[in-house]
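*Asks:* show me the folded form of this:
(chains A and B)
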2 protein chains.
Amino acid sequence: MLKPYDDNYFMKRALQEAEQAYVKGEIPIGAVIVSNDQIIARAHNLTETLNDVTAHAEMQAITAAANYLGGKYLTKCTLYVTIEPCQMCAGALYWSQISKIVYGARDEQRGCISLNTKLHPKTTMTGGILENEAAHLLKKFFIEKRNLN
Amino acid sequence: MLKPYDDNYFMKRALQEAEQAYVKGEIPIGAVIVSNDQIIARAHNLTETLNDVTAHAEMQAITAAANYLGGKYLTKCTLYVTIEPCQMCAGALYWSQISKIVYGARDEQRGCISLNTKLHPKTTMTGGILENEAAHLLKKFFIEKRNLN
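*Replies:* Numbers count the residues shown, from 1 in each chain, chains lettered A, B, ... in the order given. Down below sits the predicted model:
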């Protein structure tokens, strides 16, 4: 049976957020948070615009989702994020007790897997959803940035 | 020679922030960020008030300091925080490239030392400044909370 709301569907929405970051000259990473097949938060990286290293897509999505739910725990939610979370974002996700993290492409150098960031025991993580699209957008951004400097 | 602005001086200011959190019923942790012997940001934990797991004292201090400086890197700054940072906050401090982290008491269970969170190569960390005061306030909070429930 066809399932309209699957991981690909939601990761595409996260990619749309990443594209919005790209257009603004931000490192193009996007995220959405889903509860009961409904998107309750969408965000993209805004570290340059907000002049704030903490303004990663995931951090803003966590804050927005808690706002929507009226409670700070995201125990029945799934985060879709185009690139594997860093240790800051994985640390925030630990506190949120989120059910599931789905990332697109790995970040071998600064991602939470290589750096062994502790996830909450209630949290599962999986990756590789639309990873080529996510990685391609990121590479394009850095190549263009290098050529500008 | 007497040095008016030493680690104890600034940690006392961070403890005053922690006391403000305590009064609000928040887990009592406070932080200040210092540049050239001047406090450029002060903050305390507001996770309950803001309904947001990311609203740790350090996170808000980082955002406020970047705002003050007009740049997102805190390369010439020192963070004073009453309790050792968690992995989220240490991860944020990594991105900020802060010069120095000074904490009061250790957090053996959820602190960045036990959890091996990676600090930026430009960052040094030291602890134990007014640790008894910081730990005492935290213990008092949790004992009172337990007795209320």
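*Asks:* which positions in chain A make contact with chain B?
*Replies:* Listed as neighbours of chain B in chain A under the rule Cβ under 8 Å from any Cβ of the partner chain: A:47, A:51-54, A:59, A:62-63, A:66-67, A:70-73, A:86-92, A:94-96, A:115-118. Where you see a C-beta, it was placed from the backbone N, CA and C, and this is true even at glycine.
*Asks:* which of those residues fall in helices?
*Replies:* Counting by DSSP state H, the part of these found in helices is A:59, A:62-63, A:66-67, A:87-92, A:94-96.
*Asks:* tell me which element the most centrally placed residue in chain A falls in.
*Replies:* By Cα atoms, centre = their mean, chain A has its centre lying nearest to residue A:81, at 2.5 Å. Residue A:81 is part of strand A:77-83, with elements assigned from DSSP states H and E.
*Asks:* and residue A:125, by the same measure?
*Replies:* Counting by DSSP H and E, residue A:125 is part of strand A:124-126.
*Asks:* sheet-wise, list the partners of that strand with their directions.
*Replies:* strand A:100-105 (parallel) (DSSP bridges).
*Asks:* okay, residue A:147: pLDDT?
*Replies:* We have a pLDDT of 88 for residue A:147.
*Asks:* what are the contacting residues of stretch A:10-28?
*Replies:* A:29-32, A:34, A:39, A:42-49, A:57, A:78, A:80-82, A:102, A:104, A:129-130, A:133-134, A:137-138, A:140-141 (Cβ atoms under 8 Å, 6 or more residues apart in numbering or on different chains).
*Asks:* please apply the same query to stretch A:137-145.
*Replies:* Outside stretch A:137-145, the residues touching it (Cβ under 8 Å, 6+ apart) are A:15, A:18-19, A:22, A:27-29, A:82-83, A:105.
*Asks:* tell me which residues in the least confident helix or strand in chain A by mean pLDDT are buried?
*Replies:* In chain A, the helix or strand scored least confidently by mean pLDDT, DSSP states H and E is helix A:131-148, which has a mean of 95. Within helix A:131-148, the residues that qualify as buried are A:131, A:133-135, A:137-138, A:141, counting by 16 or more other Cβ atoms under 10 Å in any protein chain shown.
*Asks:* out of the contacts of stretch A:137-145, the closest to chain B would be?
*Replies:* Chain B has its nearest neighbour among the contacts of stretch A:137-145 in residue A:27, at 11.4 Å by Cβ to the nearest Cβ.
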